[in-house]
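**Student:** need a 3D model of the following:
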Amino acid sequence: MARHWLGIDIGGTFTDFALFDTETGELLGLKVPSTPHEFAEAVRIGLARLADEHGIEPREIGTVVHGTTIAVNTLIQRTGARLGLLVTEGFRDVLELQRLRLTNPFDLHGSRPLPLIPRARVAEVLERLRADGRVDTPLDEKTVREAVQQLTTGQPIDGLVISLLHSYRNPAHERQARAVAEAASPGLPVTASSDVWPQAREYERTALAVVDAYVQPKVRRYLEGFEKALAARGAPAMPHVTKSNGGIMPVAAARSQTAATLLSGPASGVIGAAYVASRAGFPNIITLDVGGTSADMAVVENARPRVSTSEHIGGVPVMMPVVGVSAIGAGGGSVAWVDDVGLPKVGPQSTGAEPGPACYGRGGKEATLTDAFLVSGFLDPERFLGGRMRLDRSLAEAAIARFAGRLGMTPDEAAESIVRVAVSNMYAEFTKILSRAAVDPRDFALVAFGGAGPVVGALVAREVGIPTVFVPRSPGTLCALGALSADIVNDAVRTVHTRIEPALLEADALRGQYAALRAELGEWLERFGAGSGPGAFRHAADMRYVGQSYEIDVPVELDWLAPGGGASVLAAFHRGHERAFGHADREAPAEIVNLRVQLRAERPRVPLAELPPGSAAPAPRTTRRIWLDGRPTEAGVFDRAALGRGARLRGPAIVEQPDTTVLVPDRHVGEIDRFGNLLLRRES
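**Tutor:** Residues are numbered from 1 along each chain as shown. Okay, here's the model as predicted:
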């Protein structure tokens, strides 16, 4: 009988497991090193350890949900498929032109990222649709066959992308061209942009279709290996994958919607943080997930992650809804280096899982953030990962000493400089996301998780001005728990371009468009929503003032779509514009560009167990010298498992647990809440 739910988060350095026993209510966490040569191998290792060390029979696992970074790493590292692109005649440079703006306005010598498909592998076909979807020039199938022959002659390609003008209005030409291309080159995968995300904006739609095809071979191979790893251990579950929008979908759907998995891994952590924090009374949070490679940050309001349709990943715009996660190269394995003018830097280069930081003893020579934590006394080399992995302090000291020599510092000073630079990098990114979200950090709590997040969480919060740091009960495996806590979610969009006049609202037409989107999502739920409850729909519209270039997302109530209901739609838009930009022109005409519908079907949640009361003033297990704020000091060392509900401790202190270490700086007080979360607050 399937009694267990299993969540898995596959990161660049560690693969995390969260196993929930539906009969006993026990939640078990496990971490194993990732296997970059074949990420599914770490899944097999983890399943074997669950069976050998905890007696968990794989056949008893009925639910498996996992987050993965395969797609995003493929995009960032530019190791995806070799593709060709078919475009409308006259639009061969759509990927080259991109958007005529500087990627960094402060760098006059900066360059835009190279397109994933070079111009030499872009071919034109004769056809033309008008902006309303009517045919101007019929598709010339002969030019399609000639283009396919041109692109497949000589060096072979792994796939073909078709992105024709205005196909978001009328996909007929793209589908006709796809049929011709498949007949001309049997077995060649062909992707049509209107099937990936049918929304206006030629470059963004084309870029997203290219991304989908670019990562598809690696994602599919990985998913096949993942399913084989489960089947080899006898697990009967139909596995699911977390999506970039904060939901999940079955692996069967992920094979054809690979672009939707771009932020699969980071989204899992945000989902988990939102769930555990809201249960503890913190619906408004900012997440800080620091793993081995990166630090990921996101804003959550009213227990729902902020979703964006204007993110850039690996230099490529992603116009479909994704959890608004900002990532920088500041993880435990990020390398410390000295720039040309003698200033210390950290990242974005990372040692990853192999060879890892110097202290791992696997051949790494460069000083990393983890080595700095060890030399600063924050980590116990004998108790890392609950004692399963011993760290070599002498190797860390040697790496830090080499780094210190280039700066003229002592090893203690150099280690602290690494920590400070990493925290400064996180602070700089925080200011950007807080500005974009238009929120006051004093109204939020910082949820610190991942293997290294709780080490730097209080230091970052101190810089940003966030009053409370929330460290979940199992922060090192929170992403895996987040995968188990996600609902079935899917999105649909339709471009309409209609003016909003209070007395002349095209209510019937808009209601019909929304109904068509709901039907599309309902069919998807019937195919892929096994195990979920009934779906609920959220309606929204992308709106702007006439003459503006970009839109804001405005929630829409269907009651507004009645004759004369345009006033309610306009009022909602003005309020949203004022909140986002600080002003609104209530006399200016406005328009709807896109209609959006999101389907959410709830799934069972992992219940969070409460702790029994404990000692209000626990005694430390031992003390340890740490280097913090420019001086050595003695810190009490506590075991997280020994801290009961209501326990209070005062910094400087170290709280150790198998999946992470929590640093409590001086002038900070920590308290355990009823769910076992550790709340850190700075004394005034």
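
**Student:** now the least confident helix or strand in the chain by mean pLDDT, how far from the centre of its chain.
**Tutor:** The helix or strand of the chain with the lowest confidence, counting by mean pLDDT, DSSP states H and E, is strand 326-328 at a mean of 80. Put simply, strand 326-328 sits 9 Å off its chain's centre (C-alpha atoms, centre = their mean, to the nearest Å).

**Student:** cool, and stretch 302-311?
**Tutor:** Offset of stretch 302-311 from its chain centre (C-alpha atoms, centre = their mean): 11 Å.

**Student:** how far does it stretch from start to finish?
**Tutor:** With C-alpha to C-alpha, to the nearest Å applied, stretch 302-311 spans 21 Å between its terminal residues.

**Student:** with stretch 623-635 instead?
**Tutor:** By C-alpha to C-alpha, the extent of stretch 623-635 from end to end equals 5 Å.

**Student:** likewise for stretch 274-285?
**Tutor:** End-to-end distance of stretch 274-285 (C-alpha to C-alpha): 7 Å.

**Student:** for the record, mean pLDDT for that stretch?
**Tutor:** Averaging pLDDT along stretch 274-285 yields 95.

**Student:** ok so, going back, in whichever helix or strand comes after the least confident helix or strand of the chain, what's buried?
**Tutor:** Where DSSP states H and E defines the elements, the next helix or strand beyond strand 326-328 is strand 334-338. By neighbour count with 16 or more other C-beta atoms under 10 Å, strand 334-338 contains the buried residues 334-337. C-beta: built from backbone N, CA, C; applies to glycine.

**Student:** off-centre distance for the next helix or strand after strand 334-338?
**Tutor:** Once the chain leaves strand 334-338, the next helix or strand it forms, by DSSP H and E, is strand 344-350. The chain centre lies 21 Å from the centre of strand 344-350; the measure is C-alpha atoms, centre = their mean.

**Student:** next, the angle from strand 344-350 to strand 334-338.
**Tutor:** On the basis of axes from the mean of the first three to the mean of the last three C-alpha atoms, to 10 degrees, strand 344-350 is oriented at 140 degrees to strand 334-338.

**Student:** contacts for strand 344-350, please.
**Tutor:** The contact list for strand 344-350, computed with C-beta atoms under 8 Å, 6 or more residues apart in numbering, reads 12, 292-294, 328-331, 333-339, 368-369, 403, 407, 414, 417-418, 421-422, 425.

**Student:** same check, this time on stretch 573-593
**Tutor:** Under the criterion C-beta under 8 Å, 6+ apart, residues 200, 438, 495-501, 510, 541-546, 551-554, 569-570 lie in contact with stretch 573-593.

**Student:** report the contact partners of the closest residue to residue 525 other than its chain neighbours.
**Tutor:** Once flanking residues are discounted, residue 525 sits nearest to residue 535: 5.1 Å by C-beta to C-beta, 6 or more residues apart in numbering. Residues in contact with residue 535 (C-beta under 8 Å, 6+ apart) are 488, 521-522, 525, 529, 599-601.

**Student:** repeat that with 6 Å
**Tutor:** Contacts for residue 535 (C-beta atoms under 6 Å, 6 or more residues apart in numbering) come out as 525, 599, 601.

**Student:** ok, so of the buried residues of strand 334-338, who is nearest residue 44?
**Tutor:** residue 334 (28.4 Å; C-beta to C-beta).

**Student:** what about the residue nearest to the closest one when sequence neighbours are not counted, how many neighbours?
**Tutor:** Spatial nearest neighbour of residue 334, chain neighbours left out: residue 347 (3.7 Å); criterion: C-beta to C-beta, 6+ apart. Using other C-beta atoms under 10 Å, residue 347 has 22 neighbouring residues.

**Student:** cool, and residue 275?
**Tutor:** 22.

**Student:** and if you look at the one 5 residues further on?
**Tutor:** In terms of burial, residue 280 registers 21 neighbours under the definition other C-beta under 10 Å.

**Student:** sorry, back to before: take the contacts of residue 535 and keep only those in strands.
**Tutor:** 599, 601 (DSSP state E).

**Student:** what about the nearest residue to residue 636 once chain neighbours are set aside, which SS state?
**Tutor:** Closest residue in space to residue 636, ignoring its immediate chain neighbours: residue 620 at 3.3 Å, by C-beta to C-beta, 6+ apart. What DSSP: H, G, I helix; E, B strand; the rest coil gives for residue 620 is coil.

**Student:** brilliant, that's me finished.
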